[in-house]
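Engineer: Provided below for reference: sequence and predicted model.
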Amino acid sequence: MRITKFGHACVRLERKGRAIVIDPGVMTPEPGALAGVEAVLVTHEHFDHFDPERLRGCDSAIYTCAGVARHLSRLGERVNVVRDGDSFSVAGFEVSAAGDKHHFSHPDVPPVDNVGFLIDGEVFHPGDALTEVDVPTLLLPGQAPWLTVPEMIGYVRRMAPRRAYAIHDGLINEWGLRVLDDVLAMEAERAGTDIRRLRPGESVEL
């Protein structure tokens with residue numbers, strides 16, 4: 001399996017010439033992110049993960065939570081609602097949904113729906129949540145208004161994956177990225193595992 005990181009929280013997973021994409025939001029500028037994909041998986045409705053116009057302009061199947069699906073009613077059977085515990089097969093991948101709500105982010109705003117995606121029991125994209133599953137490869141939220149460094153490190157330690165690749169980094173400038181990279185390097189040394197940030201366009205093979 002090849003994982004390619006695009007802008008912010010978007011990743012593309014490919015195997016044997018087939019591909020799916022997770023969370024190609026407004027902060028994912030790369031036009032080729034959706035090229036040839038059989039399915040788009042969307043964790044939740046926030047703009048940095050979800051671009052409705054982009055999804056209306058493609059032909060791929062869409063798998064997502066009820067909160068996102070309500071914005072895509074015109075797409076009909078292309079949209080598939082999944083909930084915590086659901087499983088489905090697409091593009092040669094076995095996918096399980098985990099979690100149901102966005103991490104707490106504002107005292108006056110109830111958390112929106114958020115569903116994470118576990119791909120082939122190998123890779124987990126949690127969206128904007130700290131959902132815990134048993135998985136070798138974690139796509140780790142690297143920075144967010146709802147996330148502190150202690151929370152991020154605590155999540156990695158509870159999950160104890162064999163490798164963790166930070167995404168969700170589009171809101172921070174060059175200095176913030178340096179700080180994030182340093183924090184991840186410290187944790188990688190402590191844990192003796194591969195923990196680092198994926199740059200836009202960077203791929204890893206599992």
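Structural biologist: Now that the structure is in, tell me what you want to look at. Residues are numbered from 1 along each chain as shown.
Engineer: now do the SS call for residue 190.
Structural biologist: helix (DSSP: H, G, I helix; E, B strand; the rest coil).
Engineer: sketch out the low-pLDDT regions of the chain for me.
Structural biologist: The model of the chain has no residue with pLDDT under 70.
Engineer: what are the ranges of the helices in it?
Structural biologist: Using DSSP state H, the helices found in the chain span residues 52-56, 66-69, 149-159, 174-191.
Engineer: list of residues touching the first one?
Structural biologist: This points to helix 52-56. In this structure, residues lying in contact with helix 52-56 by Cβ atoms under 8 Å, 6 or more residues apart in numbering are 24, 34, 40, 42, 62, 71-72, 74-75. Bear in mind the C-beta positions are built from the backbone N, C-alpha and C, glycine included.
Engineer: if we use 6 Å, what do you get?
Structural biologist: Contacts with helix 52-56, where a contact means Cβ atoms under 6 Å, 6 or more residues apart in numbering, come from residue 71.
Engineer: circling back to that earlier point, pipe the helices of the chain into CSV and attach distance to residue 139 and mean neighbour count per row.
Structural biologist: As requested, those are arranged in CSV below (distance: least, Cβ to Cβ, whole Å; neighbours: other Cβ atoms under 10 Å):
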stretch, distance to residue 139, mean neighbour count
helix 52-56, 20, 14
helix 66-69, 18, 20
helix 149-159, 11, 15
helix 174-191, 13, 14
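Engineer: possible to save these as TSV with distance to residue 106?
Structural biologist: Conversion of the helices of the chain to TSV gives the following (distance: least, Cβ to Cβ, whole Å):
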stretch	distance to residue 106
helix 52-56	22
helix 66-69	16
helix 149-159	16
helix 174-191	21
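Engineer: and those: which comes nearest residue 112?
Structural biologist: Among these, helix 66-69 comes nearest to residue 112, with 5.1 Å by Cβ to Cβ.
Engineer: who are the packing partners of that closest one?
Structural biologist: Secondary-structure packing of helix 66-69 (3 or more Cβ pairs under 6 Å, 6 or more residues apart in numbering; DSSP states H and E): strand 79-81.
Engineer: which of the residues in the strand it packs on are buried?
Structural biologist: 79, 81 (16 or more other Cβ atoms under 10 Å).
Engineer: for residue 36, which non-adjacent residue is closest in space?
Structural biologist: The shortest distance from residue 36 to any non-neighbouring residue, by Cβ to Cβ, 6 or more residues apart in numbering, is to residue 19 (6.1 Å).
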